[in-house]
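Student: Pasting the sequence and the predicted coordinates here, then a few questions.
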There are 2 protein chains.
Amino acid sequence: MSYIAPVKDMLFDIEHLADIAQVARMPGLEDAGLETAQAVLEECARFNQDVVAPLNVAGDKHPSSFKDGKVMTTPGFKEAFAQYVAGGWQGLQHPAEFGGQGLPKTIGAACGEMLNSANMSFALCPLLSDGAIEALLTAGSDELKATYLEKLVSGQWTGTMNLTEPQAGSDLAMVRSRAEPQPDGTYKVFGTKIFITYGEHDMAENIVHLVLARVVGAPEGVKGISLFVVPKFLVGKDGSLAARNDVHCVSIEHKLGIKASPTAVLQYGDHGGAIGYLVGEENRGLEYMFIMMNAARYAVGMQGVAIAERAYQHAVAYAKDRVQSRPVDGSMNASAPIIHHPDVKRMLMTMRAYTEGCRAMAAVAAAAYDAAHHHADADTRKQNQAFYEYMVPLVKGYSTEMSLEVASLGVQVHGGMGFIEETGAAQYLRDARILTIYEGTTAIQANDLVGRKTARDGGQVAKAIAGQIEKTEAELAKRDSAAAQAVGKRLKAAREAFVDVVDFVAGRTKAAPNAVFAGSVPYLMLAGNLVAGWQLARSLLVAEELAKAGTDTAFMQAKIATARFYAEHILNKAPGLRDSIVDGAESVTALAIDAF
Amino acid sequence: MSYIAPVKDMLFDIEHLADIAQVARMPGLEDAGLETAQAVLEECARFNQDVVAPLNVAGDKHPSSFKDGKVMTTPGFKEAFAQYVAGGWQGLQHPAEFGGQGLPKTIGAACGEMLNSANMSFALCPLLSDGAIEALLTAGSDELKATYLEKLVSGQWTGTMNLTEPQAGSDLAMVRSRAEPQPDGTYKVFGTKIFITYGEHDMAENIVHLVLARVVGAPEGVKGISLFVVPKFLVGKDGSLAARNDVHCVSIEHKLGIKASPTAVLQYGDHGGAIGYLVGEENRGLEYMFIMMNAARYAVGMQGVAIAERAYQHAVAYAKDRVQSRPVDGSMNASAPIIHHPDVKRMLMTMRAYTEGCRAMAAVAAAAYDAAHHHADADTRKQNQAFYEYMVPLVKGYSTEMSLEVASLGVQVHGGMGFIEETGAAQYLRDARILTIYEGTTAIQANDLVGRKTARDGGQVAKAIAGQIEKTEAELAKRDSAAAQAVGKRLKAAREAFVDVVDFVAGRTKAAPNAVFAGSVPYLMLAGNLVAGWQLARSLLVAEELAKAGTDTAFMQAKIATARFYAEHILNKAPGLRDSIVDGAESVTALAIDAF
């Protein structure tokens, strides 16, 4: 088996960190307790291990191809996607009203991880459909919902996000695609969109494009952008497919990784105009798009966890199998599997600790999302919403940055074989390399963290998190184990560094924007590192109790060892980052542009 | 122009850090002063910019190919190599006695950087020839020297290193290739060698393989390994090519990067035995191979600097060209080239600082090599040899690890375009990924640093370096500039962290090998970071003086800014690493093998 879903670790997080029992007390989520989580995760594991994971290498070797406006996906993808649809997986987190299962994000996120571990290129298609569904649920008219949602939720049709244009990447103010209002209330859409994931493919009968464009006469900049539904095939009153719309794929990209996922250039309106339907109100497109993007950003963060997990499993298997050199401590009189060598252990522990830390962070963020949407108490909803919004750039930014390091270490564990494509380790690195870029680069996440999530409220949410962490430190201090003491020491130092940085960011963003934004990514990395380390510290507290009680002792001891490793080898980077941010801003921007 | 050699920065290092005036006072190097360095570097820059660099993308798109035992290199490579040979570049550092130019490593290293920046796949062929030349110069009989050296030094023939076998990678004790002595004093060699760079190609008329094998009846393990010359074509008494030898390429690898460089599987002796000639004495092969490897390890470190420089130049060009979003400080009322955004500057400064720091470290190491080989005073030679040997794992290990980060940042600066292969940024990342693996992984370098270079002498050489660094700190303390003060503060903290770690390593390697080797790579990273930062601190001292004197002020100010950035954003990682190494060893090895 090329991938085994870490169901036990996921359930640990869901039960003990995300507190699913609490989630299942919220109105509308009564059926979503631990038992449901376990049943869904086990079924999901089987499907992804058996059906989706075996296609991952094939997707890399035989990428999607383009000919005469059509995209052919990797052989086997279409059939696997049909099984995905038949299993109802697309609707997992979506409302029952439109045929979904209405499960909480606390469970759905773990399923998303599995799908992405199994095959990130494949998983991108449903990931984009999820975003389109979110946008329509939030801002779509009843008519749009009735026409599109059920088929998107079932997976019969798929969705896309069309933001980027050649001159408009991170800067959406520069979007030029235009929409001309028609007498019948529809619009004609014209323009070129690039980097459209699954913008054209052969796995579903229709593709529902969500497209940013300017209505003729709209204001300049982001305030003049509207959002449109532009289906590949127009849809009749009875829901049947009608004429082909004027949106065409003109090419797909030749990429470093995720080669099976077609990245399309789409041309709108070259033959008279693509018929589009306004979503919500004119000029509010960016606001709606952010709904899709926030869902997608969390999902991309999970892709980071997912690819890290897969790379870790691959590396462990090799390290247990490859025999080379005697152990340095003289414990064996013959060459040993390389996992016995301390540096190989260090690499594997780094991969493992990052992965478990980011998974734990994401689980807690998912529970906050559920509480923000479902909790009976309005204040609790508000608090959880604020926490979740703070977490989105961390889940996206930190988990994806760590995935690059983890995938690169995965190659390193394989030695020379890691550089040979047949080994498979290099694919994870190539695939992962997009994660810190799409759905907003790490710098864009960091801008969001600095501006909307920290400076705007004077650091209140961030400080509240620091306060929570202090409580965990206090609990660790009560434990007499060496592991708890070691973790407590590093957690305290990291939290103090974080508070210093939050003060710096909250206090200086207006007065010295260059200085603050010079440290925006280091701030994101520090915050993500801290929150992931905090969740592992919480895990240690639980695991020590359970190990003492004799519950799954081996698993609990591994959790304790992993938490301690994280604290001593990853979390301890935090004070250095504080110094870079608070003392080092000037040297970031000192060099004149000409001197580069 | 896709690459412009950083001649000015190289000459700064050669003049002020490596002190070429001092080198040119050594017997045999009298002609190799600054003027010579400048003339050679400028000529070398022209050749590499005009002839070699333009083939870099072609090599990636049209890799070497294999058919019927033959390897066809990328179109254009053969012609470029002929120009390389005609220009006498292969002989740059080799003795005049065999047709070389006998220039010091202080100059040769910079030329090596240029060739590798221009085209790493191409540069690998001469790099391996250099290793073969070193081995023959050190251990070859007069007959072997007479037969092979002149043609290797001219570049008419090329050389290879044959160490790895499927079961013997880092662990050369497991080499199984065998050599049977023949009545005429030659040997018949049998076995399979893998990962042989330029093991077969069409750029030269003969290939001189240096091959590790066991003479029948030799001891087990590394003490029974001998080194042989096995030419592709046998050589007649008059130097003419004679019969084809029984060594054949059976396949080449499909790799993540350096695709133009053919990585061959070579089969020895399938048709009766490949005729080989013993180098030096039987069973001393590993010792001779280490001579080649030490030269090659330094050269691979320079490859790290080289690919980092190229990735930096590519990223700077894009960042100056790509217009996206307004500056955060409101300084421009329109969208700006992205180099104006603080986080893009942070990424570019990181790339630049790493590259300049590692270049400076390598320059100083090269000067020590020259002094070790040429200085009139025996004690000075010995001291310099010890320093150089300490530096080799740092130059190799640290410069290559940093090159992965730099090349990855290069992709990130390009945003979505970085992920598209046509952009070219991804190639540097793929190419760089081999550097921390071949010629000994970073862990193998770190073992060398711990065992032979630190524990063996009780940390004396390391402590002597720390003493030198303290002197630089004292000089910085005398300066009143904010930059000198900031650099001094971080240098002191890093040096103190280093000394703690050296004490830990020197004191604990025997008693607690697992604990020490658990931190071996972090120790290497700390030491490399410190020495690179130290050399930039020295650069700052020089640059401040020269800027005050009005000499090339813009360059000097950029050097000061870069040194300060390095200290505040890279060197400041050192204390965290100390904590990982000294306090965190237990958590590296705590997890049971079964628990992974």
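Tutor: Now that the structure is in, tell me what you want to look at.
Student: Indicate the residue of the stretch 101-250 of chain A located nearest to chain B.
Tutor: The minimum distance from the stretch 101-250 of chain A to chain B, using C-beta to the nearest C-beta, falls at A:D171 (4.2 Å). The C-beta positions use only the backbone N, C-alpha and C, and glycine is treated the same way.
Student: mind checking the SS state of A:A32?
Tutor: coil (DSSP: H, G, I helix; E, B strand; the rest coil).
Student: What does the pLDDT read for it?
Tutor: A:A32 is assigned a pLDDT of 96 by the prediction.
Student: now A:N294
Tutor: pLDDT, A:N294: 84.
Student: Got phi/psi on it?
Tutor: With angles defined as degrees, to the nearest 10, A:N294 sits at phi -60, psi -40.
Student: Can you report how many residues neighbour the spatially closest residue to it that is not a sequence neighbour?
Tutor: Among residues not flanking A:N294 along the chain, A:V392 sits closest, at 5.7 Å (C-beta to C-beta, 6 or more residues apart in numbering or on different chains). Using other C-beta atoms under 10 Å in any protein chain shown, A:V392 is surrounded by 22 other residues.
Student: what packs against the helix or strand hosting A:V392?
Tutor: In the assignment (DSSP states H and E), A:V392 maps to helix A:378-413. Applying 3 or more C-beta pairs under 8 Å, 6 or more residues apart in numbering or on different chains; DSSP states H and E, we find helix A:378-413 packed against helix A:285-321, helix A:342-374, helix A:425-432, helix A:442-450, helix A:460-478, helix A:520-548, helix B:378-413.
Student: and that helix with helix A:520-548, angle?
Tutor: Interaxial angle of helix A:378-413 relative to helix A:520-548 (axes from the mean of the first three to the mean of the last three C-alpha atoms, to 10 degrees): 90 degrees.
Student: mind checking how far stretch A:164-174 is from the chain centre?
Tutor: 22 Å (C-alpha atoms, centre = their mean, to the nearest Å).
Student: could I have it exported to PDB, CA atoms only?
Tutor: Included here for stretch A:164-174 are C-alpha records, laid out as PDB according to Å, rounded to 0.1, in the frame of the first residue of the first chain:
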ATOM      1  CA  THR A 164      -5.800  35.600 -12.300                       C
ATOM      2  CA  GLU A 165      -5.100  37.400 -15.500                       C
ATOM      3  CA  PRO A 166      -1.600  37.900 -17.000                       C
ATOM      4  CA  GLN A 167      -1.300  41.300 -15.400                       C
ATOM      5  CA  ALA A 168      -3.300  40.600 -12.300                       C
ATOM      6  CA  GLY A 169      -1.900  38.000 -10.000                       C
ATOM      7  CA  SER A 170      -1.800  38.900  -6.300                       C
ATOM      8  CA  ASP A 171      -3.100  42.400  -7.400                       C
ATOM      9  CA  LEU A 172      -6.700  41.800  -8.200                       C
ATOM     10  CA  ALA A 173      -7.200  45.600  -8.700                       C
ATOM     11  CA  MET A 174      -5.700  45.000 -12.100                       C
END
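Student: hmm, who's touching it?
Tutor: A:163, A:175-177, A:191-196, A:212, A:220-222, A:225, A:286, A:289, A:440-441, A:443-444, B:323-325, B:335, B:415-416 (C-beta atoms under 8 Å, 6 or more residues apart in numbering or on different chains).
Student: Kindly recompute the last result at 7 Å.
Tutor: The contact list for stretch A:164-174, computed with C-beta atoms under 7 Å, 6 or more residues apart in numbering or on different chains, reads A:163, A:175-177, A:191-195, A:212, A:221-222, A:225, A:286, A:441, A:444, B:324-325, B:335, B:415-416.
Student: if we can go back for a sec, quick one: the residue nearest to A:N294 and A:A296 touch, right?
Tutor: No - between A:V392 and A:A296 there is no contact under C-beta atoms under 7 Å: 10.1 Å.
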